[in-house]
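> Mind looking at a prediction? Sequence and model below.
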Number of protein chains: 2
Amino acid sequence: MAEKSILSIDLGGTNLKIGLLDSRYRIRDKEILSTKSQNSKEGLISAIIYSAGKIISRNRLKHSDIIGLGLGLPGPIDVEKGLVHFFPNIPGWKEVRLRAILEKKLRLPVVLDNDANLMCLAEYRLGAAKGSVNAVCVTLGTGVGAGLIINGTLYRAKTFAAGEIGHIPINVNGPKCNCGGVACLEAYIGNRRIEELAVKIFKKRITLEETSVLAKRKDKRALQLWNQVGKNLGTALVGVVNLLNPDCIVIGGGVAKAGKVLLDRVREVVEKQAMPIQARHVKILSAKLGSDAGLIGAAILAKEGI
Amino acid sequence: MAEKSILSIDLGGTNLKIGLLDSRYRIRDKEILSTKSQNSKEGLISAIIYSAGKIISRNRLKHSDIIGLGLGLPGPIDVEKGLVHFFPNIPGWKEVRLRAILEKKLRLPVVLDNDANLMCLAEYRLGAAKGSVNAVCVTLGTGVGAGLIINGTLYRAKTFAAGEIGHIPINVNGPKCNCGGVACLEAYIGNRRIEELAVKIFKKRITLEETSVLAKRKDKRALQLWNQVGKNLGTALVGVVNLLNPDCIVIGGGVAKAGKVLLDRVREVVEKQAMPIQARHVKILSAKLGSDAGLIGAAILAKEGI
């Protein structure tokens, strides 16, 4: 019998990644579609079905060769019901039974979860958090999310909404956040806020990638920018470290490309300000699986179940 | 065979409570000693041994009638090793193998844990958090602590230091905390800080009990005081609710006597500022077991093990 494959999708605000993985979670084929043109819910669902079909036929697979499809999605999900509550950054989705829709169209078992949870699952099983029992995996991007590993399993809680580290307030008073909260971490270090801060510091528009490159060259303004981001992220993580006493915190996502300067600042804040037992115990690490973590996590879920 | 009993101790900064409980965790005898005069480690250990002996002889118990002794202690504990790391508010304790010392003297099985963990265990098994799967139990006092129930068990983490909700920063910049942190919740709503705030508002020294009574009579200054405490506690809890998506948060400890005004303000902040799925799901409740929660939790631990 030939080895079975897993289909896996990572949906973001700007693109849809689809991958074909073997049963040891190695990526065998991958395709990236822009989702910016798909501005309706129906358009996006069609794009998912189309791209799945394309990967299946391109690899000459029969349905019986495929274990299932796992999807990582940018918003709160009812994992048991296969239901999308909504997407904060993609309009038009409200209480959509996406699993049922896709299972009918694709005639494959489908599982859904939040993208931060799946990134965390991947880093825990195959990446930087491997060997930990309690871990927090943070993804930095337009949104700031996290997945939690507690006692060796992904912790989702009863309404599947655990891990929203971006919505820990870091000030009693502060800017309003999209989530309805006040002074949430994300209202300080979501990509758009970092871009705004960069405009203030550099007195011109500049991409985060450019500031990351400059930071590596020790440009003062870039260091100022990323030190500020690190201080805010570090402050929220001090709370998480004191509350959960995790073995490690893994930091990934696009913004993490700022790399050493950001990580060093976060480590410094946690070392100085978290309680001694927790601070000594926790390791703060870069994510290992890069932008493939979402695809890998979705494949793990598709194979091993929720 | 007669029913077996459990000895249980709740050690605080100001007194030592010792209880005798039956195997259904009902308190059959209780004694409270002031610990203010016991200013040495040895003095406090002698007081523990003396009071245990007193309860045993007063109730005409044989050693074989007693399942063991559980102790709730006001600081970080290595539960596996039976080791006290230190007590933030009692000097002279550093890496003390208290379990071994007491087992030798008392010839009884001894278990130790942090007092906030045991209060949480008691409220989860017999109090306000009963029936929850994921719960956070907060104790307000000189220190601000919490215990976490995750997936139906007490979550301690690898170095047993989880639950330090009092040391979640609620501001990026702010007052230094005893723990070495900055702008920790406890640096705003630990008893001493509330007393200082009360002096400012009332322009005179006033006890927290008095302000609680006044708040119930709708005294404006007392309401201002407890609203401020509730806002700060609520802000930290918004972060906890968004991160852990718990089924309930139980609030106990002396300060919780302010009662409805405090709880209402905390509920209001969480309802308004936490994310909708988490905010709708979480119940914010008063502790049910009052000042006996610590004794009951220590007895549960002594009977059921760590």
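Right, received. Where do you want to start?
> Domain map for chain A?
A:5-117+A:292-304, A:130-288 (automatic domain parsing).
> Next, the distance between the ends of the shortest one.
Using Cα to Cα, to the nearest Å, one end of domain A:5-117+A:292-304 lies 13 Å from the other.
> same question, the longest one
Start-to-end span of domain A:130-288 (Cα to Cα) is 10 Å.
> now the residue nearest to the spatial centre of chain A, nearest residue through space, not along the chain?
The centre of chain A sits closest to A:Ala116, judged by Cα atoms, centre = their mean, with a distance of 3.4 Å. In space, and not counting its chain neighbours, A:Ala116 is closest to A:Gly145: 3.3 Å by Cβ to Cβ, 6 or more residues apart in numbering or on different chains. Every C-beta, even on glycine, is put in place using the N, C-alpha and C of the backbone.
> okay but the one you found is in contact with A:Asp115, surely?
Yes - the pair A:Gly145 and A:Asp115 passes the contact test of Cβ atoms under 8 Å, sitting 7.1 Å apart.
> what do those two both touch?
A:Thr139 (Cβ atoms under 8 Å, 6 or more residues apart in numbering or on different chains).
> Contacts only, for the residue nearest to the centre of chain A.
Each residue near A:Ala116 by Cβ under 8 Å, 6+ apart is listed here: A:137, A:139, A:145-147, A:163.
> let's go with 10 Å and repeat that
Counting by Cβ atoms under 10 Å, 6 or more residues apart in numbering or on different chains, A:Ala116 touches A:72, A:74, A:137-139, A:141, A:143-148, A:162-166, A:252-253, A:293-294, A:297.
> Okay, and which of those residues map to helices?
Secondary structure defined by DSSP state H assigns A:293-294, A:297 of the contacts of A:Ala116 to helices.
> Tabulate the CA atom coordinates of the host helix or strand of the residue nearest to the centre of chain A in CSV.
Using DSSP states H and E, the element containing A:Ala116 is helix A:115-126. In CSV, the C-alpha atoms belonging to helix A:115-126 read as follows (Å, rounded to 0.1, in the frame of the first residue of the first chain):
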residue,chain,number,x,y,z
ASP,A,115,-4.0,29.3,13.1
ALA,A,116,-2.2,30.2,16.3
ASN,A,117,-3.2,26.9,17.9
LEU,A,118,-1.9,25.0,14.9
MET,A,119,1.4,26.9,14.7
CYS,A,120,1.8,26.0,18.4
LEU,A,121,1.0,22.3,17.8
ALA,A,122,3.6,22.2,15.1
GLU,A,123,6.3,23.9,17.1
TYR,A,124,5.5,21.7,20.0
ARG,A,125,5.7,18.4,18.1
LEU,A,126,8.4,19.2,15.6
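> which residues of chain A fall in strands?
A:5-11, A:15-22, A:27-34, A:66-73, A:77-78, A:83-84, A:110-114, A:135-140, A:144-150, A:153-155, A:248-252, A:283-286 (DSSP state E).
> Could you export those strands as a markdown table, including distance to B:Lys130, mean pLDDT and mean neighbour count?
Shown next, in a markdown table, are the strands of chain A (distance: least, Cβ to Cβ, whole Å; pLDDT from 0 to 100; neighbours: other Cβ atoms under 10 Å in any protein chain shown):
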| stretch | distance to B:Lys130 | mean pLDDT | mean neighbour count |
| --- | --- | --- | --- |
| strand A:5-11 | 40 | 97 | 26 |
| strand A:15-22 | 43 | 95 | 21 |
| strand A:27-34 | 47 | 94 | 14 |
| strand A:66-73 | 35 | 97 | 25 |
| strand A:77-78 | 25 | 97 | 22 |
| strand A:83-84 | 29 | 98 | 22 |
| strand A:110-114 | 29 | 98 | 24 |
| strand A:135-140 | 29 | 96 | 30 |
| strand A:144-150 | 21 | 97 | 27 |
| strand A:153-155 | 21 | 97 | 19 |
| strand A:248-252 | 33 | 97 | 26 |
| strand A:283-286 | 36 | 96 | 18 |
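> I figured A:Cys248 was touching A:Gln278, is that so?
No - using Cβ atoms under 10 Å, A:Cys248 makes no contact with A:Gln278, being 12.0 Å away.
> rewinding a little: which of the ones in helices among the contacts of A:Ala116 ranks first by neighbour count?
A:Gly297 (34 neighbours; other Cβ atoms under 10 Å in any protein chain shown).
> how about the nearest residue to it, chain neighbours excluded?
Distances taken as Cβ to Cβ, 6+ apart place A:Leu118 nearest to A:Gly297, at 2.9 Å, with adjacent residues excluded.
> quick one, what contacts that neighbour?
By Cβ under 10 Å, 6+ apart, the residues touching A:Leu118 are A:8, A:10, A:70-73, A:111-112, A:137, A:139, A:147, A:154, A:293-301.
> I'd like the distance between A:Thr257 and A:Gly145.
Let me fix one detail, which is that residue A:257 is Lys and not Thr. 17 Å (Cβ to Cβ, to the nearest Å).
> where does the stretch 201-306 of chain A have low pLDDT?
The stretch 201-306 of chain A contains residues with pLDDT under 70 at A:256.
> and it, which of its residues are near chain B?
The stretch 201-306 of chain A comes close to chain B at residues A:228, A:231-232, A:234-247, A:269, A:272-282, as judged by Cβ under 10 Å from any Cβ of the partner chain.
> try 7 Å this time
Within the stretch 201-306 of chain A, the positions near chain B by Cβ under 7 Å from any Cβ of the partner chain are A:231-232, A:235, A:238-240, A:242-247, A:273-278, A:281.
> of these, buried ones?
Neighbour counting by 16 or more other Cβ atoms under 10 Å in any protein chain shown classes A:231-232, A:235, A:238-240, A:242-247, A:273-275, A:277-278, A:281 among those as buried.
> From those, which land in helices?
Those of these mapping onto helices are A:231-232, A:235, A:238-240, A:242-244, A:273, A:277-278, A:281, per DSSP H.
> and the two most separated of the residues you listed?
Largest separation among those by Cβ to Cβ: A:Asn232 and A:Ile277, giving 24.2 Å.
> residue contacts, A:Gly290?
Contact analysis of A:Gly290 by Cβ atoms under 7 Å, 6 or more residues apart in numbering or on different chains lists nothing.
> And A:Leu7, by the same measure?
A:20, A:52, A:55, A:66, A:69.
> Not counting sequence-adjacent ones, nearest residue to it?
A:Leu69 (4.2 Å).
> The residue nearest to A:Gly234 when sequence neighbours are not counted - how many residues pack around it?
Spatial nearest neighbour of A:Gly234, chain neighbours left out: A:Val269 (2.7 Å); criterion: Cβ to Cβ, 6+ apart. Neighbours of A:Val269 under the rule other Cβ under 10 Å: 24.
> how about A:Val269, what does it touch?
Counting by Cβ under 7 Å, 6+ apart, A:Val269 touches A:230-231, A:234-235, A:238.
> TSV please, covering the residues you listed and showing distance to A:Val96.
As requested, the contacts of A:Val269 are exported to TSV (distance: Cβ to Cβ, whole Å):
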residue	distance to A:Val96
A:Gly230	37
A:Lys231	38
A:Gly234	37
A:Thr235	35
A:Val238	37
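> what's the neighbour count on A:Arg217?
Count around A:Arg217 with other Cβ under 10 Å applied: 8.
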